[in-house]
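Colleague: Next one to model:
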Amino acid sequence: MKTDFRICFALLVALGLAQRDAAAQNPATPDGIVSGYANSELPAWLRLGGEERVRLEGLGGVGFKPAGNTYLLQRLRLNLDVTPRSWLKFSFQAQDSRVFFTNVSPAPSSQKDPMDLHLGYVQIGNSEAGPVSLRAGRQSLAFGEGRLVSDSNWSNVGRTFDGMRVTLRYRKVRVDAFTGASDKIYTDGFDTPAPGEHFHGVYGSIDKVIPNATLEPYLLWKLEHNVKGEVTKTGNLDEKTAGLRWVGKLPLGFDYGMESAMQRGWQ
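Modeller: Got it, this is the predicted structure:
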């Protein structure tokens, strides 16, 4: 399966380079990144994009011992968006994450995930402007400032869910309801939803009920099987989190924000 992704990746890169060479021979073509050259020759409903990131990290005093580790993290993401209608979109993102020069063997899944499908979903409706939208498939979730739910860009592999998200809008109110399973990363295989790890929730946004402010109430529900607790007992986790985020703007260019959450559960 991962070999197929590598082949698709090579073909898309070849397409981008071919378009770049064509643009270089045609002065009328505007300058831009590789995907820009490709997109200038593609129909408006088809878009390519990509990102390559390299980061050097060094650790010292690991495990409170005079030990260290310096390694190079590399992450490549390649995007493909197909929008045949204004209300219909197919979005895919291939990701290749690797680590070099590390003294940890085997490399952990938090650093390494060779060519895999990071995102792959279909969206019906406009989630940013329309009254109703639906997104189904492999997707990332990020709410508020990302304290509780996010797909951290700092991570070398990210975090995604296989599931469904419905967005409802009415005047100053927006509600996102979602359900899904957390994707488990395999360094030598295709990422799949982790058995028994389910995540559900409702996240709301009420705009300008308080002048120049937004209220965001939410309820999150996390379920996991075979979780090891603090007393070494293994059981099933049932955890619920309710909270409220309040952000707004002040005079003279200042802003403010506060968030409070309460979490309860059992194992």
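
Colleague: all contacts plus neighbour counts: C-alpha atoms, from now on.
Modeller: Fine.

Colleague: What lies in contact with the helix or strand hosting residue 98?
Modeller: Using DSSP states H and E, residue 98 falls within strand 88-100. Residues from elsewhere that reach strand 88-100, judged by C-alpha atoms under 8 Å, 6 or more residues apart in numbering: 5, 9, 71-83, 107, 111-125, 156-157.

Colleague: Sort out for me which of these are in strands.
Modeller: If you go by DSSP state E, the contacts of strand 88-100 have 71-83, 113-124 in strands.

Colleague: Can you flag the buried ones in the residues you listed?
Modeller: For these, burial is judged from neighbour counts taken by 16 or more other C-alpha atoms under 10 Å, and it is met by 71, 73-83, 113-124.

Colleague: Across the sheet, point out what pairs with the closest residue to residue 213 other than its chain neighbours.
Modeller: For residue 213, ignoring the flanking residues on the chain, the nearest one in space by C-alpha to C-alpha, 6 or more residues apart in numbering is residue 248 at 3.9 Å. Here residue 248 shows beta-bridge partners residue 213, residue 256, assigned using DSSP bridges.

Colleague: Return the residues in contact with residue 248.
Modeller: Residue 248 sits next to 212-214, 255-257 when contact means C-alpha under 8 Å, 6+ apart.

Colleague: any idea of the mean pLDDT in stretch 185-195?
Modeller: Mean pLDDT, taken over the full extent of stretch 185-195, equals 90.

Colleague: how long is it end to end?
Modeller: Taking C-alpha to C-alpha, to the nearest Å as the measure, stretch 185-195 stretches 12 Å from start to finish.

Colleague: quick one: secondary structure of residue 211?
Modeller: On the three-state scheme (DSSP: H, G, I helix; E, B strand; the rest coil), residue 211 is labelled coil.

Colleague: if we can go back for a sec, for the strand holding residue 98, what is the average pLDDT?
Modeller: Strand 88-100 shows a mean pLDDT of 96.

Colleague: Run me through the strand neighbours of that strand, direction for each.
Modeller: The pairing partners recorded for strand 88-100 under DSSP bridges are strand 68-85 (antiparallel), strand 113-124 (antiparallel).

Colleague: now the next helix or strand after the shortest one and strand 88-100, what's the angle there?
Modeller: Going back to what we said before, that points to strand 113-124. Past strand 113-124, heading to the C-terminal end, the next element that is a helix or strand (DSSP H and E) is strand 132-139. An angle of 30 degrees separates the directions of strand 132-139 and strand 88-100 when computed by axes from the mean of the first three to the mean of the last three C-alpha atoms, to 10 degrees.

Colleague: Give me the average confidence score over strand 132-139.
Modeller: Strand 132-139 carries an average pLDDT of 97.

Colleague: Give the partner strands of that strand in its sheet and their orientations.
Modeller: strand 113-124 (antiparallel), strand 161-170 (antiparallel).

Colleague: Low-confidence ranges, the stretch 1-150 of the chain, go.
Modeller: Along the stretch 1-150 of the chain, the parts satisfying pLDDT under 70 run over 1-34.

Colleague: Which residues are in contact with the residue lying closest to residue 205 once chain neighbours are set aside?
Modeller: Spatial nearest neighbour of residue 205, chain neighbours left out: residue 216 (4.4 Å); criterion: C-alpha to C-alpha, 6+ apart. For residue 216, the contact set (C-alpha under 8 Å, 6+ apart) comprises 144, 203-206, 244-246.
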